[in-house]
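**Student:** Okay, here's the prediction I keep looking at, along with the sequence it came from:
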Amino acid sequence: MSVLAVLDPAVALAHAVVAAVAHLVPTALAIVLFTVAVRLALHPLARAAARGEKARARLAPKVAALQRKHKDRPERLREALAEMYRKEQVSPFAGCLPVLVQIPFFSVMYRLFTTPNDLLDHTLFGVPLGLHVTGAHGAGQWAVFGVLFAGLAAVGVVNFRRARRTAAAAAATAAAAAPAAAARPAPQPGAGLLPYLSFGSVLFAALVPVAAVLYLLTAGVWSAAERAWLYRDGTPVSAAAMMG
C-alpha cells in the first residue's frame, strides 16, 4: 500500500468537489477553478508571510550588526536574535507557513491525478487528462503539451528573475550593513543554484499526466501573480516564499 493512501479520504473529497463542478463546466476548467479556490483560501497566509518578509527585510541591518557583535558566541547570538524578533513581533519562520500548508494540498492533488479515476477520462482539447507527455502522439496532442510546458517555462522564467533580484538585494543589504574594513561575507553553499529551482515544475510535469500539469500551471501562475502583488514595493522574498 502506498504511503499516500493515508490521504485517500481527502482525495475522495477533492474528487467529489471537482466532479460536482465538472457537471457545470468542462473537467479541465473544473480543475483550474478548484485550484484557484484553494489558493484563494490560503491567501491570508500568504499576506501574513509577506508582512513577515517585509519586517525581516527592515530588520536585516540589525541582524547583521548582532552577527558581528556575537560572531564568536553563537549561543548569545541566538538569544539576541530571539529577543529582537520578540520585541519587533516578527517571526523568522512566517515565510515558511504557506509552503508547509500547501504540501498536503499538493499531495492530495498528486494522488488524485495519478490514481486512475473517472476524471482522467475527460479531455483537454482532445487530450485525455490522464495522458503523460511520453504517450502523446499527433500534432494536436503535442500542441497541447507544448502550450502547457511553455506556460510552465514562462512562470519559471518570472520566478527565476525574481529569485536573482532577491539574491542580489540580499547581498547588497549584507554588504551595506558590514563595516568597510570587514571582509565580504562568504556566499552560502548552493545559493547560486536556488534560482534554478524555479524550473523544477517543468521537469516534474514530464512525470505526471495532463490533469496534474494543469494544476501545476494554475498554481504556478497564481503564485507568481500573488507574489508580484504582495511584494510590489520591491521587498526581497525569501527562498521559502519563492517556492510557495
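**Tutor:** On my side now, so go ahead.
**Student:** I'd say Leu217 and Ala153 touch.
**Tutor:** No: using C-beta atoms under 8 Å as the test, Leu217 is too far from Ala153 to be in contact (10.2 Å). All C-beta spots, glycine's among them, are computed from the backbone N, C-alpha and C.
**Student:** These two: who's more crowded?
**Tutor:** Leu217 (22 against 16; other C-beta atoms under 10 Å).
**Student:** Show me what the helix or strand hosting Trp229 packs onto, helices and strands only.
**Tutor:** For Trp229, the host element (DSSP states H and E) is helix 210-230. Secondary-structure packing of helix 210-230 (3 or more C-beta pairs under 8 Å, 6 or more residues apart in numbering; DSSP states H and E): helix 27-69, helix 97-114, helix 138-177, helix 200-205.
**Student:** Relative to Ala14, which of those is closest?
**Tutor:** Closest to Ala14 of the helices and strands packed on helix 210-230, according to C-beta to C-beta: helix 97-114, at 5.4 Å.
**Student:** residues making contact with that closest one?
**Tutor:** 4, 7-8, 10-11, 14-15, 18, 35, 38, 42, 45-46, 48-49, 119-120, 129, 208-209, 211-212, 215, 219, 240-241, 243-244 (C-beta atoms under 8 Å, 6 or more residues apart in numbering).
**Student:** Now list whatever residues contact both of Leu217 and Ala153.
**Tutor:** Common neighbours of Leu217 and Ala153 (C-beta under 8 Å, 6+ apart) do not exist.
**Student:** lowest confidence element among the helices and strands of this structure?
**Tutor:** None of the helices or strands of the chain scores lower by mean pLDDT, DSSP states H and E than helix 239-242, at a mean of 46.
**Student:** Show me the shaky parts of this structure.
**Tutor:** 1-4, 92, 94-99, 167, 169-193, 195, 233-244 (pLDDT under 70).
**Student:** before we move on, back to that, the helix holding Trp229 versus helix 97-114: what angle between them?
**Tutor:** 160 degrees (axes from the mean of the first three to the mean of the last three C-alpha atoms, to 10 degrees).
**Student:** buried set for helix 210-230?
**Tutor:** In terms of neighbour count (16 or more other C-beta atoms under 10 Å), helix 210-230 has its buried residues at 210-224, 226-227, 230.
**Student:** What is the burial count for the nearest residue to Gly140 once chain neighbours are set aside?
**Tutor:** Nearest non-adjacent residue to Gly140, counting by C-beta to C-beta, 6 or more residues apart in numbering: Gly126, 5.7 Å away. Residues near Gly126, counting by other C-beta under 10 Å, number 10.
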